[in-house]
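Trainee: I'd like to go over a predicted model; first the sequence, then the structure.
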Amino acid sequence: MSRHDLGIDLGTATFVVYQRGVGIIIEEPSVVAVDKKKKKIIAIGTEAKNMIGKTPDQIQVIRPVQDGVITNPMIIEEVLRFFFKKAKKGVSFSKPKLIIGIPALTTDVERRAVKEAAQRVGASKVYLVSEPLAAAIGSNMKITEPNGHMVVDIGGGTTDISVISLGGSVKSESIKTAGEAMDQEIVKFIKKHYRFLIGDSTAERIKIQIGKAYENEEDIEVDIKGQDIKTGLPSTIKINSTDIYNAIKPVLNEIILKIKNVLEQTPPELAADVSQNGIVLVGGASRIRGLDKLITEKISVDTSVSEDPHLSCAKGTGILLEDVELLNRVNVE
C-alpha cells in the first residue's frame with residue numbers, strides 16, 4: 001500500500017480520516033450544508049455544523065449518516081471527494097486504496113453504494129469494515145486469536161455491541177440509542193425542570209463538558225445560554241452534572257440492558273473470555289465521566305474506555321492500512 005492510502009470513519013457524529021504514514025489528518029463533524037435551489041453542497045464539517053439553526057430556507061443542513069444508516073450515498077460521494085482534496089494538499093496524488101469504517105446497520109445496498117462512490121472519486125481499491133471491528137483493532141485488541149473480546153461502540157446515532165473472536169464478530173447487536181439520544185434527553189430535561197429552551201448543539205456541548213454517568217462523580221456547574229419560556233427572551237441559567245446525570249439515565253439504562261442481552265446470548269466459552277478480558281468502550285459518547293464505572297457496577301465485568309475513544313475506528317482503519325497481513329485475517333469486504 002502507498003503513503004496516499006486513507007482510512008475513513010463514516011461516523012454519525014464525526015468523519016475521521018487517517019492517512020497511511022501520517023496519522024489522523026481530518027476530524028470533522030458529520031454535517032453537510034446544501035443549497036437546495038442550486039442543488040449544491042456549500043459546506044462540510046465544522047463550517048456546516050456552525051450553520052445549524054441559522055440558515056435561510058434555501059439552505060438545508062443535513063447529516064448524511066443518521067441512526068447508523070447512510071441516508072444519502074450521493075452526498076457521501078461528495079464527502080469522499082472533499083477528503084481526497086484535503087489529503088492532496090497540492091501534491092501529486094496517486095489513486096489511493098481506501099479502508100472505510102461503516103455503521104454496523106448499513107445494508108448491502110448502502111455498502112455497495114459507498115464502494116461505487118469511492119471508486120468514482122478515484123480510489124483504486126476499497127475495503128469496508130464494520131465500525132465496531134475497526135474500533136476494536138484501534139483499541140489494540142488482539143482480535144485474530146480464538147479469544148472473545150467485547151467492544152461497545154457508543155457513537156452519535158447508534159450503540160453497537162460486538163463480541164469479537166478470530167477476526168470477526170461472533171455476536172453483535174445495535175440499538176438506535178446513543179449520544180444524540182442523550183442530547184435530546186438533556187434538552188427535554190432542561191425544558192421540563194427549568195422552563196428553559198436550548199438546542200441540541202448546546203446539549204451536546206454541556207454533556208461533554210460537565211456530564212457524568214455515575215452518580216458519585218464530582219459535580220461541576222456551568223452557565224448556559226438559551227431562551228426563558230416564561231418571558232420568551234434570551235437568558236442564562238446555571239446547571240450541574242447531576243442535571244445531566246438525571247437527564248441521560250434512561251438512555252444509559254437502555255444501553256446497559258442491551259449489553260446484558262448480548263452477554264446472555266454469547267456462547268459460554270466466549271462469555272467467560274469477556275468476563276476475563278473486560279469490556280472496552282469506544283465512540284464519542286463513551287467519554288462521559290464515570291460511564292466505565294457504571295457499566296462495571298451493573299454488568300459485573302471490568303469495563304474501560306479506550307484511549308481517544310472517538311478516534312478508535314479511524315485508528316483501526318489506519319492499522320489495517322499499515323498491516324496487510326492483519327487486513328487479510330479480519331472480516332472486511
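Mentor: That came in fine, so what should we check first?
Trainee: now the strands for the stretch 201-333 of the chain?
Mentor: Secondary structure of the stretch 201-333 of the chain by DSSP state E, counting those that start in this stretch: the strands cover 221-228, 234-240, 279-282, 303-305.
Trainee: most tightly surrounded among these?
Mentor: Of all the strands of the stretch 201-333 of the chain, strand 279-282 carries the top mean neighbour count, a mean of 26, counting by mean count of other Cβ atoms under 10 Å. Every C-beta, even on glycine, is put in place using the N, C-alpha and C of the backbone.
Trainee: in which helix or strand does residue 53 reside?
Mentor: If you go by DSSP states H and E, residue 53 is not part of any helix or strand.
Trainee: my read: it touches residue 198, true?
Mentor: No - between residue 53 and residue 198 there is no contact under Cβ atoms under 8 Å: 10.9 Å.
Trainee: between these two, which one's more packed in?
Mentor: residue 198 (21 against 9; other Cβ atoms under 10 Å).
Trainee: so for residue 25, what's the pLDDT?
Mentor: Looking at residue 25, its pLDDT is 89.
Trainee: let me see the contact set for residue 18.
Mentor: Contact analysis of residue 18 by Cβ atoms under 8 Å, 6 or more residues apart in numbering lists 6, 7, 8, 24, 25, 314, 315, 317, 318, 321.
Trainee: of those residues, buried ones?
Mentor: For those, a neighbour count by 16 or more other Cβ atoms under 10 Å gives the buried set as 6, 7, 8, 24, 314, 315, 317, 318, 321.
Trainee: can you list contacts of the one helix or strand the second one maps to?
Mentor: What that stands for is residue 7. Assigned by DSSP H and E, residue 7 falls within strand 6-10. In this structure, residues lying in contact with strand 6-10 by Cβ under 8 Å, 6+ apart are 15-20, 30, 65, 70, 76, 79-80, 83-84, 87, 96-103, 114, 131, 134, 313-314, 316-318, 320-321.
Trainee: and the next element down the chain from it?
Mentor: Following strand 6-10 toward the C-terminus (DSSP H and E): strand 14-19.
Trainee: centre of the chain to that following strand, how far?
Mentor: From the chain centre to the centre of strand 14-19 is a distance of 11 Å (Cα atoms, centre = their mean, to the nearest Å).
Trainee: immediately after it, which helix or strand?
Mentor: With DSSP H and E, the next secondary element past strand 14-19 is strand 23-29.
Trainee: would you map out the domains in the protein?
Mentor: 6-134+313-327, 147-177+252-309, 179-247 (automatic domain parsing).
Trainee: out of those, flag the one nearest residue 333.
Mentor: Smallest distance to residue 333 across these (Cβ to Cβ): 4.4 Å, for domain 6-134+313-327.
Trainee: looking at the buried ones among the contacts of residue 18, spot the one nearest residue 34.
Mentor: Of these, the one sitting nearest to residue 34 (Cβ to Cβ) turns out to be residue 8, at 20.7 Å.
Trainee: how close does that closest one sit to residue 270?
Mentor: To residue 270, residue 8 is 30 Å away according to Cβ to Cβ, to the nearest Å.
Trainee: which parts of this protein are helices?
Mentor: Secondary structure of the chain (DSSP state H): helices at 46-49, 73-88, 108-120, 131-138, 179-194, 200-210, 241-265, 268-277, 291-299, 312-322, 324-327.
Trainee: who's in contact with residue 313?
Mentor: 9, 11, 16, 101, 131, 134, 135, 138, 153, 282.
Trainee: as CSV, those residues with pLDDT and distance to residue 210 would be great.
Mentor: As requested, the contacts of residue 313 are exported to CSV (pLDDT from 0 to 100; distance: Cβ to Cβ, whole Å):
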residue, pLDDT, distance to residue 210
9, 90, 26
11, 83, 23
16, 91, 25
101, 88, 30
131, 89, 27
134, 93, 30
135, 93, 26
138, 93, 27
153, 95, 23
282, 96, 22
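Trainee: a markdown table for the residues you listed, including distance to residue 238?
Mentor: Listed next are those as a markdown table, based on distance: Cβ to Cβ, whole Å:
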| residue | distance to residue 238 |
| --- | --- |
| 9 | 36 |
| 11 | 32 |
| 16 | 34 |
| 101 | 39 |
| 131 | 37 |
| 134 | 40 |
| 135 | 36 |
| 138 | 38 |
| 153 | 33 |
| 282 | 32 |
